[in-house]
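> requesting a structural model of the entry that follows:
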Amino acid sequence: MKKNSKKDNLKIFLPSGSIGDPTLIIFEEAGYKIKREDRKNIGEIKSIPGEVIFMRPQHIPRAIENEKFAIGICGKDWVAENDSLTKIKILSELSYSKVTNGKVKIAILASKDNTFQSAKDIKAGSRIITEYPNLTRKYFEDLKIPVEIDFSHGNVEAMIPKYYDYGVTVVETGKSLEANNLKIAQVIMESSTVLIASKNSFSTKKKRDQIQEIKLNLCGTLEGRENVMVLFNVSKKYKNKTISLVPSLKSPTISPIFGGGYAVNSVVQKRSVNEIIFSLLKNGATDIVICPISKIITSWEE
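Numbers count the residues shown, from 1 in each chain. As a prediction, the model looks like this:
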C-alpha cells in the first residue's frame, strides 16, 4: 500500500498567545491530545498524519493561504485584516475567546471626554493608533475621511488621548476601557474565533472527511459545554405536562419504566437548567438527575 507523502499531510495552525491555552483545552476535550516539547512551536496529534504549528493568530490566515492541505484557528478579525476572506474557507465559528464564550468587537476607541456622535464626526487628519492598520485604513477610506494611522502591537488603550486622538483595537469585556477612561466610538466589526482551511484542503475526499471529522468534534465539544442531560421520572398523569416544560435538540426520549410511569431524558441548555428543574418538580417530576455532556454531534456534513 502506498503511504502518503509528507507533502500530503495535514498542517494544523493553532494560535499562541492569550487564546492559545483555551484552544489547547478544547482540542484535548475533543479527543485530540497534542504532543509538544517544551518551548517548541511544532507538535503532533497521534491520530492525524501531519503536524501542529503554533504561531501568532494574526499570521495564521496567510500561512493557511500558502499551504495545500491546512486548517487553522484564529479570529475572524485577522482573516479580514489579512484580506483573506476570498482566499481561504471559513469552516465554522467556534464559540470561545480569551475570556468569554461570545463575540468580541473591533472598535474605534476615544476618550470619554470626546463629544463626537459617530465615526463620521472624526476630523480629517486625526491620529489613530491600531492593531488593525488595513481594516482601519479601509474603514476610513470608505468614509472618505483622511486620517493618520500608526501600527501598534497592543496596549492601544494606554496611548489615548495623550499620544493619539483615537485607537482601534479588540474589545471583549470592556474592563480596560473603564480603567483608562475610554469609550467605544464606533464598532467596525464583530469577530469570533473561526476554524479556517486552505482552498485546496477539500480537493480529495480523504482530506475532506478528515477535516470534517475535526470540525464536527470541535464544534460538538463546544456544544456539549453549553448543555446538560436532564433525566427524570414522571407518572402517566403528569407526563404531557412535564414534557412540555423541557426543551430539547429534537424531542425528549421517553421510556416506560417498571411499576408504571415513564423515564424521560432531554438535552437542556446549562444556563436555564435551574429554572427547568424547579418547574419540573412543581409539575410532578421526580428523581431528577443532571449529567454533563462531553460532546453533541447531530449529523454528518458533506
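
> any weak-confidence spans in the chain?
1-7, 98-102, 301-302 (pLDDT under 70).

> got the domain ranges for it?
6-99+193-224, 104-191, 227-292 (automatic domain parsing).

> could you save these as TSV and add columns showing distance to S299 and mean neighbour count?
Using the backbone N, CA and C atoms, a C-beta is placed for each residue, glycine as well. Shown next, in TSV, are those (distance: least, C-beta to C-beta, whole Å; neighbours: other C-beta atoms under 10 Å):
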stretch	distance to S299	mean neighbour count
domain 6-99+193-224	9	18
domain 104-191	27	16
domain 227-292	11	15
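
> would you mind telling me which of these is nearest W300?
Ranking the domains of the chain by distance to W300, with C-beta to C-beta as the measure, places domain 6-99+193-224 first at 7.3 Å.

> run the chain-centre distance for the closest one.
Domain 6-99+193-224 has its C-alpha centroid displaced from the chain centroid by 12 Å (C-alpha atoms, centre = their mean, to the nearest Å).

> hmm, back to that, mind putting the domains of the chain into TSV with distance to W300?
Converted to TSV, those look like this (distance: least, C-beta to C-beta, whole Å):
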stretch	distance to W300
domain 6-99+193-224	7
domain 104-191	29
domain 227-292	16
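
> any figure for the gap between S152 and M159?
7 Å (C-beta to C-beta, to the nearest Å).

> please apply the same query to F151.
From F151 to M159 the distance is 12 Å (C-beta to C-beta).

> what does V187 give?
20 Å.

> and E93, by the same measure?
Relative to M159, and taking C-beta to C-beta, E93 is found at 31 Å.

> repeat for Q186
From Q186 to M159 the distance is 18 Å (C-beta to C-beta).

> likewise S84?
28 Å.

> kindly report the same for K35.
Plainly put, K35 is 41 Å away from M159 if you go by C-beta to C-beta.

> one more: L182?
As for L182, its distance to M159 is 11 Å (criterion: C-beta to C-beta).

> what's the answer for I12, then?
Going from I12 to M159 by C-beta to C-beta gives 35 Å.

> spell out which residues are contacts of both of S152 and M159.
129, 167 (C-beta atoms under 8 Å, 6 or more residues apart in numbering).

> give me the secondary structure label for K206.
Assigned with DSSP: H, G, I helix; E, B strand; the rest coil, K206 falls in the helix class.

> use 28 as the first number from now on
Done: numbering now begins at 28, and the last item shifts to K233.

> how far away is it from L245?
19 Å.

> for T248, give me its contacts.
53, 56-57, 321-322.

> which phi and psi values does it adopt?
phi -70, psi -40 (degrees, to the nearest 10).

> likewise the one 5 residues further on?
Note on E253: its backbone torsions stand at phi -90, psi 0 [degrees, to the nearest 10].

> could you do the one 4 residues further on as well?
Dihedral pair for V257: phi -110, psi 120, per degrees, to the nearest 10.

> other SSEs contacting the helix or strand containing S293?
Secondary structure from DSSP states H and E places S293 in strand 289-296. Applying 3 or more C-beta pairs under 8 Å, 6 or more residues apart in numbering; DSSP states H and E, one finds that strand 289-296 contacts strand 254-261, helix 266-271, strand 280-283.

> adding distance to F143, write these out as a markdown table.
A markdown table is the format used below for the helices and strands packed on strand 289-296 (distance: least, C-beta to C-beta, whole Å):
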| stretch | distance to F143 |
| --- | --- |
| strand 254-261 | 43 |
| helix 266-271 | 51 |
| strand 280-283 | 56 |
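
> and of the ones you listed, who's closest to E302?
Between these, strand 254-261 lies closest to E302; by C-beta to C-beta that is 11.7 Å.

> would you turn the contacts of T248 into TSV with distance to F143 and secondary structure?
Putting the contacts of T248 into TSV (distance: C-beta to C-beta, whole Å; DSSP: H, G, I helix; E, B strand; the rest coil) gives the following:
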residue	distance to F143	secondary structure
I53	40	helix
E56	45	helix
A57	45	coil
S321	49	coil
K322	48	coil
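
> who's in contact with stretch 48-68?
41-43, 69-75, 79-82, 100, 121, 123-125, 220, 241, 244-245, 247-249, 252, 321-322.

> ends of it, how far apart?
Using C-alpha to C-alpha, to the nearest Å, the end-to-end distance of stretch 48-68 comes to 14 Å.

> try stretch 192-202
Termini of stretch 192-202 sit 20 Å apart (C-alpha to C-alpha).

> restricting to C-alpha, output the strand or helix carrying F81 in PDB.
Element membership for F81, per DSSP H and E: strand 75-82. What follows is strand 75-82, C-alpha atoms only, in PDB (Å, rounded to 0.1, in the frame of the first residue of the first chain):
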ATOM      1  CA  ILE A  75      -3.900  12.900  12.500                       C
ATOM      2  CA  PRO A  76      -1.000  12.500  10.000                       C
ATOM      3  CA  GLY A  77       0.800  15.800   9.800                       C
ATOM      4  CA  GLU A  78       2.000  18.400  12.300                       C
ATOM      5  CA  VAL A  79       0.600  21.100  14.500                       C
ATOM      6  CA  ILE A  80       2.200  24.500  14.100                       C
ATOM      7  CA  PHE A  81       1.900  27.300  16.700                       C
ATOM      8  CA  MET A  82       2.100  30.900  15.700                       C
END
